[in-house]
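K.L.:
Need the 3D shape of this:
(chains A and B)
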Amino acid sequence: MTRRYDGRGRWSVIRPGPTDSEAGRPLSPHPEGISVPAGTLYRGREGMWSWVAHRVTGVTIFFFLFVHVLDTALVRVSPEAYDTVIASYKTPLVSLMEYGLVAAVLFHALNGLRLIAVDFWGNGPRYQRQMLWTVMGIWLVLMAGAAYPVLHHAAEILFGE
Amino acid sequence: MSVESSVDLTASSAAYGPDNPAPVIEPPRARTKRTPRNRRTNFEMHAWLFMRLSGIVLVVLVIGHLLIQLVLDGGVSRIGFAFVAGRWASPFWQVWDLLMLWLAMIHGTNGMRTVINDYAERDNTRFWLKMLLYTASVFTILLGTLVIFTFDPNIR
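P.N.:
This is a model prediction of the structure:
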């Protein structure tokens, strides 16, 4: 029997139960084949962390969208006002933030398509983990492809031509 | 020994009988003056469906937008008033941006509503955070719509 302390005054008990094959249940995706009894701390795996990342990227994009509509609205003030603000979008620091925005949008978009597959495709829940690694693979390729176009102006300013 | 004593009566039910009937408990679904009929709607189901349908459309609109603004043909370095004027001269890009604005704002507002509902535990906090959210969202959608429809390339 194992005990785990959550750091905030609460202990939980982890009892190793019978393995799935011992209990006659279908094999769980848990690699040890151990069934964890109810009442233990939930330590998420890929599914939980993708949920966290979806939430964090979503909130980030929402706040950017709010700012972005406001800066675009400056086209109704004057061309100079708009161009002044847009000039800040071309600085190295903001270019790096744009790359971060691209990262957030691409993850949110690809993982969102995975969520749709989990909800509407019959085998979606079974393959959710494989689909997440597919999402991460496509995300990495697209991020590598976006690095030069988004960042090369910043690199030229910082390191010269 | 009487027959009654062989039945275990619990303390709460022992006092009730034909002469002392138990109080009538109103069923939880009973209609009152405040809720004269079933007021439940399918709002949450429609919101769930909207997130998925708008999400699919937004994948195309937003990634296309990022490609044009940040990646293709020099990326962000060529953006300025003249670039905006050139694109919004075409109704196609006006509709693109308008659709993107409305879908992204409603999609994002509904996502933020979910986040607030999850983390703000006090009723008052939750209510006022959502009021702030809805106010900011309506303002942003109306402002953006106004800008797209009233854009004037010859402003100066």
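
K.L.:
shaky segments in chain B?
P.N.:
For chain B, applying pLDDT under 70 flags the ranges B:1-14, B:39, B:156.

K.L.:
which residues of it fall in helices?
P.N.:
Secondary structure of chain B (DSSP state H): helices at B:11-14, B:43-66, B:81-88, B:91-119, B:123-150.

K.L.:
Same list (these) but as a markdown table, adding distance to chain A.
P.N.:
(Each C-beta comes from the backbone N, C-alpha and C, glycine too.) Converted to a markdown table, the helices of chain B look like this (distance: least, C-beta to the nearest C-beta, whole Å):
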| stretch | distance to chain A |
| --- | --- |
| helix B:11-14 | 31 |
| helix B:43-66 | 5 |
| helix B:81-88 | 4 |
| helix B:91-119 | 4 |
| helix B:123-150 | 5 |
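
K.L.:
do you know which of those lies nearest A:Leu93?
P.N.:
A:Leu93 lies closest, by C-beta to C-beta, to one member of the helices of chain B: helix B:43-66, at 18.9 Å.

K.L.:
For that closest one, buried residues please.
P.N.:
Residues B:Met51, B:Ser54, B:Gly55, B:Leu58, B:Val59, B:Leu61, B:Val62, B:Ile63, B:His65, B:Leu66 are the ones in helix B:43-66 that count as buried (16 or more other C-beta atoms under 10 Å in any protein chain shown).

K.L.:
farthest-separated two in those?
P.N.:
Spatially, the most separated pair among the buried residues of helix B:43-66 is B:Met51 and B:Leu66, at 20.4 Å (C-beta to C-beta).

K.L.:
residue nearest the centroid of chain A?
P.N.:
With distances taken as C-alpha atoms, centre = their mean, chain A has A:Ala53 as the residue nearest its mean C-alpha position (3.1 Å).

K.L.:
Enumerate every residue touching that residue.
P.N.:
Neighbour list for A:Ala53: A:Phe107, A:Asn111 [criterion: C-beta atoms under 8 Å, 6 or more residues apart in numbering or on different chains].

K.L.:
What strand or helix carries it?
P.N.:
Using DSSP states H and E, A:Ala53 sits within helix A:46-72.

K.L.:
quick check: angle from that helix to helix B:123-150?
P.N.:
Here helix A:46-72 runs at an angle of 50 degrees relative to helix B:123-150 (axes from the mean of the first three to the mean of the last three C-alpha atoms, to 10 degrees).

K.L.:
Any buried residues in the next helix or strand after helix A:46-72, and which?
P.N.:
Once the chain leaves helix A:46-72, the next helix or strand it forms, by DSSP H and E, is helix A:79-88. For helix A:79-88, burial by neighbour count (16+ other C-beta under 10 Å) applies to A:Pro79, A:Tyr82, A:Asp83, A:Ile86.
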